[in-house]
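Participant: below are the sequence and a predicted model; questions follow.
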Amino acid sequence: MKTASPFLELDSVERVELSFNGELLHLPDGSNLAAALLASGVDAFRKTPVSGAPRAPFCMMGACFDCLVEIDGVVQQACMLEVRAGLEIMSPDTTGAFDEPA
Amino acid sequence: MNRRDLLVIGAGPAGMAAAAKAVKLGLTVTVLDEQPRAGGQIYRDVERAAKARGAMLGKDYVYGASLAAEMRESEIEYLSGSIVWAIEDGFRVSYTRDGSGAQIEADRILLATGALERPMPLPGWTLPGVMTAGAGQILLKQSGVLARRAVLVGTGPLLYLIAAQMVRAGTPPLALVETQTRSDFIRATRHLGGALRGWRYLAKGLTMLAAIQRAGVPRFTGATDISVEGQDRAEAVVFTCAGREHRIECDTVFLHHGVVPNVQAARSLDIPHEWRADQACFVPQLDGWGESPVAGVFIAGDGAGIGGAKVAEIAGRLAVLKIAEAAGRLSVKERDQRAAPLRRMIRRELAARPFLDLAYPPFAGALAPVDETIICRCEEVTAGDIRSAAKLGCLGPNQAKSFSRAGMGPCQGRYCGLTVTTLLAGANGQTADQTGYYRIRPPLKPVTLGELAAMSVTEPVGKE
Ligand SMILES: Cc1cc2nc3c(=O)[nH]c(=O)nc-3n(C[C@H](O)[C@H](O)[C@H](O)COP(=O)(O)OP(=O)(O)OC[C@H]3O[C@@H](n4cnc5c(N)ncnc54)[C@H](O)[C@@H]3O)c2cc1C
Ligand code: FES
């Protein structure tokens, strides 16, 4: 986690508390989850199952799957989710969770 | 089960315009889009964002609000947040909404699923902090989030658009590293006539460039040997320009060298595609109305070939004319009469394309990347792996997939498919058409067991 975010937020929206890998964050309610995590200074969302390289959102449109996070045991695309109070977000450690789409 | 005259997939300009037109012609219409709000890529979240930052995003963006409002106010069933993952004969479409699966039936389908950024594999492009330029725009439009220290890398009008928007927002990019060359421009001038007929696009481009220049943003053109450096995230862009190596430190890199049709849904229906050399991508085979060889499946917008937002909107309306005629709501004569002015508009809107395609060609260094470059982000397969697969006798992407795992990950080849085709074609001395593309099979997006379990399965209507 970095102290200064590489991103600037223009809107001031009421913030709600949630956690990312156990760390408490206050993010704008209802905003795009991937955007809000980036703006709060989260650099890497996960590590790849193949080489352990860090990854963060790339496309912001649900196509690349680099923004995967785990919430309530389900691996999901953060760029397709909205910020809600109380979310417990984890970097997925399920090697190859999406290997062969169901 | 719910059966509709027309099911539209995608609520961008093509889908929104088509749905509104179809309802006016008396058809029952449902629109599915995976995004929480209507607008598609260009008009992302337009009804909210136009109010908050319309001035920064520009008039062309704000225009989209009228399309979204028209759709919202008519009798269209618009189901936002619906991820379509299967389209079966008949037609039956399966999608996930709010964590549960659902199905809908329709007589005809319009695929309006738009475009994806053309993959731009460079050394270091998988590092956190490297995103598509489109992603940068989405951050700005949808979330009001701006990169403080960004370098824009690549080529084309969309690169200037985001640069101009960043300038207006007060955080100009640190630099534009552009890949087109003077000789590209000279080659393009033979289409200057068309460009002048499409002068509105040129005028817009020049205005954006002037704004970028006024803000003092350095521009490097004809850049080669581009890579992104960094340990755990992007730290600098390195490139060669006019024989000199440059290194620009930054936190964010936005990549862009054009957009290409998102062919996932069309391919899953086995609609044949052919290579378009002028746009360096595959496009689906369609008739003059946008109907595919799979009768009843239409495609409009950038998914049918890149034409931009205006063409997408008009093509959506054009497709609906044939759909309405087939459903008995228009006579052939009425259909053709109404189509004529639309076709003229499309021709006018496309006039500047040949010039733009030649003046801003895709970056050669990313079409055929150096061996070490990761080309499949999901499985971390390199360009060298694909070339080795070719040496072992792989002619097509599906074979290369089983050799290298390229295209096996969750993105299902969206960001490596074209690169793999190009690499194999180059290595084997074959054309892109001979080389082909990945076979796409449903589900188009991963579906969880929970979503399937929550699916209400009803017997299909009107089938034995
Ligand atoms: C990231 C990005 C940003 C762009 N920004 C601009 C811009 O600022 N200006 C400009 O002139 N052009 C822009 N373009 C080019 C753009 O493609 C066209 O201008 C225009 O948006 C095309 O309209 P469309 O209706 O064909 O598709 P789109 O506007 O792309 O709409 C397609 C819609 O289909 C939905 N969809 C796709 N697959 C599924 C599925 N499986 N299930 C459910 N829904 C699905 C998507 O969510 C999307 O809303 C951008 C392109 C991209 C990729
Ligand atoms: S950032 Fe690409 S899928 Fe979320």
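Facilitator: Alright, I've got the coordinates. Ligands and ions are numbered 1, 2, ... in the order given.
Participant: quick one: contacts for whichever residue of chain A sits closest to ligand 1?
Facilitator: Ligand 1 sits closest to A:Met61 of chain A, with a gap of 5.4 Å, by Cβ to the nearest ligand atom. All C-beta atoms are positioned from the backbone trio N, CA, C, and that covers glycine. Residues in contact with A:Met61 (Cβ atoms under 8 Å, 6 or more residues apart in numbering or on different chains) are A:79, B:41, B:116, B:134-135, B:138.
Participant: all strands of chain A, in order?
Facilitator: Per DSSP state E, chain A carries strands over the ranges A:7-9, A:15-20, A:23-28, A:46-47, A:54-55, A:68-71, A:74-77, A:88-90.
Participant: pLDDT of the first one, averaged?
Facilitator: Averaging pLDDT along strand A:7-9 yields 92.
Participant: follow-up on the earlier one: B:Ser94: which of the strands of chain A is closest?
Facilitator: strand A:74-77 (18.4 Å; Cβ to Cβ).
Participant: buried set for that closest one?
Facilitator: By neighbour count with 16 or more other Cβ atoms under 10 Å in any protein chain shown, strand A:74-77 contains the buried residues A:75-77.
Participant: out of these, who's near ligand 2?
Facilitator: Checking the buried residues of strand A:74-77 against ligand 2 by Cβ under 6 Å from any ligand atom, the ones in range are A:Gln77.
Participant: ok, the buried residues of strand A:74-77 vs B:Phe355, which is closest?
Facilitator: Closest to B:Phe355, out of all of the buried residues of strand A:74-77 and judged by Cβ to Cβ, is A:Gln77, at 36.9 Å.
Participant: thought that closest one was touching A:Cys67?
Facilitator: Yes - at 5.5 Å, A:Gln77 counts as touching A:Cys67 under the criterion of Cβ atoms under 8 Å.
Participant: name the residues contacting each of the two.
Facilitator: When contacts are counted by Cβ under 8 Å, 6+ apart, A:Gln77 and A:Cys67 have A:Ala34 as shared neighbours.
Participant: poorly predicted segments of chain A, please.
Facilitator: Chain A contains residues with pLDDT under 70 at A:1-3, A:94-102.
Participant: what about the helices in it?
Facilitator: Ranges of helices in chain A, per DSSP state H, are A:33-39.
Participant: how about the residues of it that lie near ligand 1?
Facilitator: Within chain A, the residues that sit near ligand 1 (Cβ under 6 Å from any ligand atom) are A:Met61.
Participant: which bits of chain A sit near ligand 2?
Facilitator: A:34, A:57-60, A:62-67, A:77, A:79.
Participant: now a ChimeraX select for only the buried ones of those.
Facilitator: Of the residues of chain A next to ligand 2, the buried ones go into a single ChimeraX selection, burial set by 16+ other Cβ under 10 Å:
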select /A:34,57,58,59,60,62,63,64,65,66,67,77,79
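Participant: ok, residue 31 - contacts?
Facilitator: Answering for chain A, as no chain was given. Per Cβ under 8 Å, 6+ apart, neighbours of A:Ser31: A:11, A:13, A:82-83, B:143.
Participant: looking at chain B here, not the other one
Facilitator: Going by Cβ under 8 Å, 6+ apart, B:Val31 touches B:7-11, B:15-16, B:19, B:71, B:76-79.
Participant: likewise B:Leu111?
Facilitator: Here B:Leu111 is in contact with B:9-10, B:265-266, B:297-300, B:303 (Cβ under 8 Å, 6+ apart).
Participant: check B:Leu79 too.
Facilitator: Taking Cβ under 8 Å, 6+ apart, we find B:Leu79 in contact with B:30-33, B:95, B:97.
Participant: if I've got this straight, it is in a strand?
Facilitator: Yes - assignment of B:Leu79 by DSSP: H, G, I helix; E, B strand; the rest coil places it within a strand.
Participant: can you map out the strands along the stretch 51-200 of chain B?
Facilitator: If DSSP state E, counting those that start in this stretch is used as the criterion, the strands of the stretch 51-200 of chain B fall at B:77-80, B:82-88, B:92-97, B:100-111, B:115-117, B:130-132, B:145-147, B:150-154, B:175-178.
Participant: mind putting those in CSV, mean pLDDT and distance to ligand 2 included?
Facilitator: Shown next, in CSV, are the strands of the stretch 51-200 of chain B (pLDDT from 0 to 100; distance: least, Cβ to the nearest ligand atom, whole Å):
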stretch, mean pLDDT, distance to ligand 2
strand B:77-80, 96, 17
strand B:82-88, 97, 12
strand B:92-97, 96, 15
strand B:100-111, 96, 20
strand B:115-117, 98, 10
strand B:130-132, 98, 8
strand B:145-147, 96, 13
strand B:150-154, 98, 17
strand B:175-178, 98, 22
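Participant: now the ones you listed in TSV, please, with extra columns for distance to A:Ser91.
Facilitator: Listed next are the strands of the stretch 51-200 of chain B as TSV, based on distance: least, Cβ to Cβ, whole Å:
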stretch	distance to A:Ser91
strand B:77-80	28
strand B:82-88	22
strand B:92-97	23
strand B:100-111	26
strand B:115-117	25
strand B:130-132	18
strand B:145-147	21
strand B:150-154	25
strand B:175-178	31
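Participant: just want the residue of chain B that's nearest ligand 2.
Facilitator: For chain B, Cβ to the nearest ligand atom, closest residue to ligand 2: B:Ala135, 6.7 Å.
Participant: number of residues surrounding that residue?
Facilitator: Per other Cβ atoms under 10 Å in any protein chain shown, the neighbour tally for B:Ala135 reads 28.
Participant: quick one: it from ligand 1, how far?
Facilitator: Relative to ligand 1, B:Ala135 is positioned 7 Å away (criterion: Cβ to the nearest ligand atom, to the nearest Å).
Participant: with B:Ala340 instead?
Facilitator: Distance from B:Ala340 to ligand 1, by Cβ to the nearest ligand atom: 22 Å.
Participant: shouldn't that residue be within a helix?
Facilitator: Yes - according to three-state DSSP, B:Ala340 belongs to a helix.
Participant: now the one helix or strand B:Arg247 maps to, how far from the chain's geometric center?
Facilitator: Per DSSP states H and E: B:Arg247 is located in strand B:244-249. How far strand B:244-249 lies from its chain's middle: 30 Å, per Cα atoms, centre = their mean, to the nearest Å.
Participant: off-centre distance for the very next helix or strand once past that strand?
Facilitator: On the C-terminal side of strand B:244-249, the closest following helix or strand by DSSP H and E is strand B:252-256. Relative to its chain's centre, strand B:252-256 lies at 16 Å (Cα atoms, centre = their mean).
Participant: mind giving me the packing neighbours of strand B:252-256?
Facilitator: Under the contact definition 3 or more Cβ pairs under 8 Å, 6 or more residues apart in numbering or on different chains; DSSP states H and E, strand B:252-256 sits against strand B:130-132, helix B:133-143, strand B:150-154, helix B:157-168.
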